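Peer 1: next come a sequence and a model predicted from it.
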Amino acid sequence: MKFNPKNKTSNRILLVAAFAIVSLILWNTNSFFKKFKEEERFKMEIWATAQSELLQASIDDDPGNLTIKVLQNNRSTPMILVNKDGSIKTNNIPAEMASDTNYIKEKILKFSGENSAINIDQQGEHLATLYYGNSEVLNKLKYYPIALLLIILLFGAVIFFFFKTNKASEQNKLWAGMAKETAHQIGTPLSSLLGWNELLKAENINPEITREIEKDISRLETITDRFSKIGSLPKLDAYDIVKETREAYDYLKLRSSKLIHFSFDSKVESQMVMLNQSLYNWTIENLVKNGIDAMKGRGSIGIQIVPDGSYVTILVSDTGHGIAKSDYKAIFNPGVTSKKRGWGLGLSLVKRIIEEYHQGKIKVLSSSKEGTIMQISLKVNT
């Protein structure tokens, strides 16, 4: 297969850069989360100290305005204070739930999992235990990386599909323009050939010669018709898939090397399918010629038609060098070819004809050093 190494290198660089950016975002957010958590812990320790002074002041004297202000300042972190006598005081917990013993027990277990409890002691005497959970801001910050990554992925997907659609549209216009120009260019000498052939007939030339020329002219007309259909929606009619495949097979068999062994097998005598005759025959010819190229002009080509429920399957096999499994899908991309000379458009056109025009499927069924089997699936005409 022939790939552009520059494109592969660019893709790797972009992938590494994207991974580095995402890793940096996650690391930075995680560092910020830890820092914020440490700040919240420090704030809770100050609150616990103030609570200790309040408890001590209730025995001795007035605790002072600073202590009261510190205790009143916490408006975001949920906490549960369990005094040594078992009484409970809550802060930033809904008032209607503060009296629910089971709810408080569940919250204590949850807070213990989020943060280590703070013991409030005074002169060696245990006064209370403070349990606190993550504040609302901290909880939001915890899910911030996930939200950010989803936004980045969504943004990346929008850009990817935009450029992919735009690129496909440009390719379609290019293909249609090239195909129609090719059909136009062939049309001029074709008209001339028709005129020259009529002159040869008038000169009493050997009829066998003019008949062969007529066959080649007919072939050129078929090719012109095929190219003219690229870029526009072709008309589909009911055709016998067995008959059409057999005709394409016979045409190629007669014009191929004697070193190629051809075989044809159909499990049904006839099967009607909605086809564009010219484009379908082009598909079979492309697959067979690719197989011959893969075998370097020596080997076996087989075509098999098998009914498969509401579909009919056409298998085209060869005994060529095979295709790497990683390239099963890539070979249908424009520009991908194993030939030293070639545009890599054959299989790309085949995929377009089968999947876009005939609403069927084409894939590499299997491939190894012993050969390759290509599979076409088309819906039968019921």
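Peer 2: That came in fine, so what should we check first?
Peer 1: packing partners of the strand or helix carrying residue 36?
Peer 2: Counting by DSSP states H and E, the element that carries residue 36 is helix 5-57. Contacts defined by 3 or more CB pairs under 8 Å, 6 or more residues apart in numbering; DSSP states H and E place helix 5-57 against helix 65-73, strand 79-83, strand 118-122, strand 125-132, helix 136-202. (C-beta placed from N, C-alpha, C; glycine too.)
Peer 1: mean pLDDT lowest for which of these?
Peer 2: Lowest mean pLDDT within the helices and strands packed on helix 5-57: helix 65-73, a mean of 64.
Peer 1: still on that earlier bit, from the chain's centre, how far out does the helix holding residue 36 sit?
Peer 2: Taking the mean of its C-alpha atoms, helix 5-57 sits 32 Å from the chain's own mean (CA atoms, centre = their mean, to the nearest Å).
Peer 1: which residue ranges of the stretch 201-350 of the chain form helices?
Peer 2: 207-229, 241-254, 277-294, 346-351 (DSSP state H, counting those that start in this stretch).
Peer 1: turn the ones you listed into JSON lines, including mean neighbour count.
Peer 2: Converted to JSON lines, those look like this (neighbours: other CB atoms under 10 Å):
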{"stretch": "helix 207-229", "mean neighbour count": "15"}
{"stretch": "helix 241-254", "mean neighbour count": "17"}
{"stretch": "helix 277-294", "mean neighbour count": "21"}
{"stretch": "helix 346-351", "mean neighbour count": "21"}
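Peer 1: out of the ones you listed, which comes closest to residue 118?
Peer 2: Evaluated with CB to CB, the helices of the stretch 201-350 of the chain place helix 346-351 nearest to residue 118, the distance being 66.8 Å.
Peer 1: give me the helices and strands touching that closest one, please.
Peer 2: helix 277-294.
Peer 1: then the helix it packs on to CSV, C-alphas only?
Peer 2: What follows is helix 277-294, C-alpha atoms only, in CSV (Å, rounded to 0.1, in the frame of the first residue of the first chain):
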residue,chain,number,x,y,z
GLN,A,277,-25.9,-2.0,-15.4
SER,A,278,-22.9,0.1,-16.6
LEU,A,279,-21.7,1.0,-13.2
TYR,A,280,-22.1,-2.5,-11.7
ASN,A,281,-20.1,-4.1,-14.6
TRP,A,282,-17.4,-1.4,-13.9
THR,A,283,-17.3,-2.5,-10.3
ILE,A,284,-16.8,-6.2,-11.2
GLU,A,285,-14.1,-5.3,-13.8
ASN,A,286,-12.3,-3.1,-11.2
LEU,A,287,-12.2,-5.9,-8.6
VAL,A,288,-11.1,-8.5,-11.1
LYS,A,289,-8.4,-6.3,-12.5
ASN,A,290,-7.1,-5.5,-9.0
GLY,A,291,-6.9,-9.2,-8.3
ILE,A,292,-5.0,-9.8,-11.5
ASP,A,293,-2.6,-7.0,-10.6
ALA,A,294,-2.1,-8.5,-7.1
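Peer 1: angle of that helix against helix 207-229?
Peer 2: If you take axes from the mean of the first three to the mean of the last three CA atoms, to 10 degrees, helix 277-294 sits at 100 degrees to helix 207-229.
Peer 1: roughly how far is helix 277-294 from the heart of the chain?
Peer 2: Here helix 277-294 is found 28 Å from its chain centre; the criterion is CA atoms, centre = their mean.
Peer 1: that one vs helix 241-254, what angle?
Peer 2: Using the same axes, to 10 degrees: helix 277-294 against helix 241-254 is 40 degrees.
Peer 1: average model confidence for helix 277-294?
Peer 2: Helix 277-294 comes out at a mean pLDDT of 89.
Peer 1: so what touches that helix?
Peer 2: Contacts made with helix 277-294 from outside it, assessed by CB atoms under 8 Å, 6 or more residues apart in numbering, are listed as 222, 225-226, 229, 234, 237, 239, 244-245, 247-249, 251-252, 256-257, 260, 299, 301, 303, 314, 316-318, 320-322, 338-339, 346-347, 349-350, 353-354, 357-358, 372, 374, 376.
Peer 1: residue 357 - nearest residue in space that isn't next to it in sequence?
Peer 2: residue 234 (5.6 Å; CB to CB, 6 or more residues apart in numbering).
Peer 1: and the one you found, how close does it get to residue 261?
Peer 2: 33 Å (CB to CB, to the nearest Å).
Peer 1: likewise residue 241?
Peer 2: Distance, residue 241 to residue 261, by CB to CB: 23 Å.
Peer 1: go on, residue 22?
Peer 2: 55 Å.
Peer 1: before we move on, the earlier item: more neighbours: which of residue 234 and residue 261?
Peer 2: Counted by other CB atoms under 10 Å, residue 234 and residue 261 do not tie: residue 234 has more neighbours, with 19 against 13.
Peer 1: ok, that one - contacts?
Peer 2: By CB under 8 Å, 6+ apart, the neighbours of residue 234 are 276, 278-279, 357.
Peer 1: any chance of the backbone angles for it?
Peer 2: Phi and psi for residue 234, reported as degrees, to the nearest 10, are phi -80, psi 160.
Peer 1: same check, this time on residue 368
Peer 2: According to degrees, to the nearest 10, residue 368 has phi -160, psi -170.
Peer 1: tell me the contacts of it?
Peer 2: residue 322.
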